[in-house]
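Participant: what follows is a predicted structure for the sequence shown.
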Amino acid sequence: MDDYRVVADTLAADIEAGRLRPGDRLPPQRRFARQHGIANSTAARVYGELVRRGLAVGEVGRGTFVRAAKPPPEPALAEPGDARVDLELNFAVLPGQSAKLARALEPLLRQDVLTAALHPVGAAGTPAARTAAAALLTRGDWRPDPATVLFTGNGRQAIAAAIAAFVPVGERLAVESLTYPVLKGVAARLGVELVPVETDEDGLVPAALEAAGPVRALYVQPTLHNPLGTTMPPSRRAALAETVTRLDIPVIEDGIYTFLRGDFRPFAAFAPERTVFVDSLSKRVAPGLTAGFLVSPPAWTTRLASAVRSGGWAAGRFALEAATRWITTGTLAEVETAKRRDAASRASVLEEKLAGFTVLGDPASYHRWWVLPERWRAETFVAAAARRGIALSPASAYAVLPGHAPNAVRIAVSAPPVETLAAALEALAALASGSPDDLFVD
């Protein structure tokens with residue numbers, strides 16, 4: 001049968017009518033092909049079409065299943081959800097934080113100061129902003145040169161600018177096989193193909209990067225990886241630095257969570273001549289008033305500044321003035337310290353409430369990776385949690401290749417009050433201890 005969409009339409013009708021229920025496993029592709037008298041390749045396209053429509057989900061080593069809930073209209077984690085308990089988005093705003101930030105901004109509201117802050121600014125920002133940002137991003141013996149710091153409106157724009165600077169349309173960008181969901185949308189809009197690279201408990205595997213074939217650049221999250229929550233040890237960073245140097249590959253290091261693990265030197269310290277370090281204020285402060293940072297090797301600063309300008313991604317001057325004041329007054333350092341304590345406190349709650357389950361990740365992280373019990377599938381579990389008013393992120397939101405998602409969910413613990421978090425985790429533990437068969441009663 002030439003038009004695989006006809007077969008896909010038939011299955012879609014069965015799903016809509018309830019003849020195929022959420023969580024049902026579809027036959028293996030070879031058996032499905034025999035049953036319908038079609039080629040194996042056609043069966044693969046049928047299943048791929050169902051995944052593309054959001055009607056099915058593939059899980060590595062388990063098969064293809066009818067999706068338990070319709071996918072959101074926007075990419076996962078793109079917008080705040082409506083769930084009563086949000087364990088999907090990861091933006092911590094602590095009690096008293098706004099008051100501290102407001103006090104530091106009071107001088108900025110003087111008429112003469114505000115007038116200057118309302119003027120436009122370029123990708124290079126201001127000298128004061130560059131000096132402040134370099135101090136903020138310093139880790140151990142790695143201190144950025146203020147002359148190489150550039151600014152964007154937020155971290156996503158910084159990532160987009162770095163990709164645009166190094167990866168032409170139609171070319172390939174290597175990434176971890178599970179990665180930041182927004183990156184997938186950015187790459188699609190820039191016409192860039194993502195090449196998934198294997199990871200293990202220490203992060204991206206250098207040998208797997210070599211085996212991935214020619215790529216124009218590498219995007220990597222060495223510290224508190226999203227979604228896995230892992231942190232790459234120094235030995236792996238050194239090995240990866242040797243590999244990218246030998247392969248002559250530019251590296252885009254996403255350091256958005258590094259403020260929670262200030263004891264780790266960034267990857268940029270291991271390969272400074274070929275690494276662009278990206279960070280922002282969205283996790284340190286809040287997404288509502290943020291700025292993105294790009295730290296470039298000197299030879300690439302002009303190239304990156306051009307990408308920022310051409311994309312219209314330069315930061316607003318008011319945001320830069322606010323950031324500069326928060327940094328220079330020590331206000332931001334106080335907020336960072338408070339968030340590190342908060343993350344550690346919430347990690348303790350998570351470890352207590354989900355004891356006995358396989359929950360992976362760095363205890364310093366605001367998110368962890370929950371490998372679900374075998375009887376559950378991620379999509380079914382996320383749908384069941386939503387019925388209880390709890391929002392989670394399934395592994396499929398992070399998988400670079402559709403149908404290659406492990407049976408896991410990401411838990412973000414930063415948003416709800418601690419008491420609410422504890423109650424939600426207890427509810428999830430009880431849910432995971434039960435059976436998905438309890439959800440569907442004829």
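Facilitator: It's in.
Participant: all helices for the stretch 101-250 of the chain, in order.
Facilitator: Taking DSSP state H, counting those that start in this stretch to define them, one finds helices in the stretch 101-250 of the chain at 111-117, 127-137, 155-166, 181-190, 206-211, 234-247.
Participant: what's the local residue count around Ala158?
Facilitator: 30 (other Cβ atoms under 10 Å). Every residue, glycine included, has its C-beta placed from N, CA and C.
Participant: in the protein, what helix or strand scores lowest on average pLDDT?
Facilitator: helix 111-117 (a mean of 75; mean pLDDT, DSSP states H and E).
Participant: and the contacts of it?
Facilitator: 107-108, 317-318, 321 (Cβ atoms under 8 Å, 6 or more residues apart in numbering).
Participant: buried stuff in it?
Facilitator: Ala117 (16 or more other Cβ atoms under 10 Å).
Participant: returning to what we had before: out of the helices of the stretch 101-250 of the chain, which comes closest to Glu273?
Facilitator: Closest approach to Glu273 among those is made by helix 234-247 (8.1 Å; Cβ to Cβ).
Participant: just how off-centre is the closest one within its chain?
Facilitator: On the basis of Cα atoms, centre = their mean, to the nearest Å, helix 234-247 is displaced by 23 Å from the centre of the chain it belongs to.
Participant: same deal with stretch 34-42?
Facilitator: So, by Cα atoms, centre = their mean, the centroid of stretch 34-42 is 37 Å from its chain's centroid.
Participant: so the residue nearest to the spatial centre of the chain versus Trp300, what's the distance?
Facilitator: Closest to where the C-alpha atoms of the chain average out (Cα atoms, centre = their mean) is Tyr180, at 2.6 Å. In this view, Tyr180 and Trp300 are 22 Å apart by Cβ to Cβ, to the nearest Å.
Participant: swap in Ala378?
Facilitator: Computed as Cβ to Cβ, the Ala378 to Trp300 distance reads 39 Å.
Participant: check Val149 too.
Facilitator: Counting by Cβ to Cβ, the separation of Val149 from Trp300 is 13 Å.
Participant: more neighbours: those two, which one.
Facilitator: Counted by other Cβ under 10 Å, Val149 and Trp300 do not tie: Val149 has more neighbours, with 24 against 20.
Participant: surely the more buried one touches Ala132?
Facilitator: No - in this structure, Val149 is not within contact of Ala132 by Cβ atoms under 8 Å, at 9.3 Å.
Participant: buried residues, stretch 7-25. List them.
Facilitator: Residues 7-8, 11-12, 15, 20, 22-23 are the ones in stretch 7-25 that count as buried (16+ other Cβ under 10 Å).
Participant: before we move on, the earlier item: mind listing what the residue nearest to the centre of the chain touches?
Facilitator: With Cβ under 8 Å, 6+ apart, Tyr180 has these contacts: 221, 226, 254, 398.
Participant: try 10 Å this time
Facilitator: 77, 155-156, 159, 186, 219, 221, 225-227, 254, 256, 397-398 (Cβ atoms under 10 Å, 6 or more residues apart in numbering).
Participant: reformat those residues as TSV; add pLDDT and distance to Phe267.
Facilitator: TSV is the format used below for those (pLDDT from 0 to 100; distance: Cβ to Cβ, whole Å):
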residue	pLDDT	distance to Phe267
Leu77	43	23
Gly155	95	16
Arg156	95	20
Ile159	97	15
Val186	95	20
Tyr219	98	11
Gln221	98	9
His225	96	12
Asn226	96	15
Pro227	96	19
Asp254	97	10
Ile256	95	13
Ala397	93	24
Tyr398	95	20
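Participant: sorry, back to before: would you turn the contacts of helix 111-117 into a markdown table with distance to Ala405?
Facilitator: Shown next, in a markdown table, are those (distance: Cβ to Cβ, whole Å):
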| residue | distance to Ala405 |
| --- | --- |
| Pro107 | 49 |
| Leu108 | 45 |
| Arg317 | 42 |
| Phe318 | 41 |
| Glu321 | 43 |
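Participant: now the residues you listed in a markdown table, with neighbour count and distance to Gly288?
Facilitator: Formatted as a markdown table, the contacts of helix 111-117 follow (neighbours: other Cβ atoms under 10 Å; distance: Cβ to Cβ, whole Å):
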| residue | neighbour count | distance to Gly288 |
| --- | --- | --- |
| Pro107 | 12 | 21 |
| Leu108 | 15 | 16 |
| Arg317 | 19 | 17 |
| Phe318 | 18 | 13 |
| Glu321 | 24 | 16 |
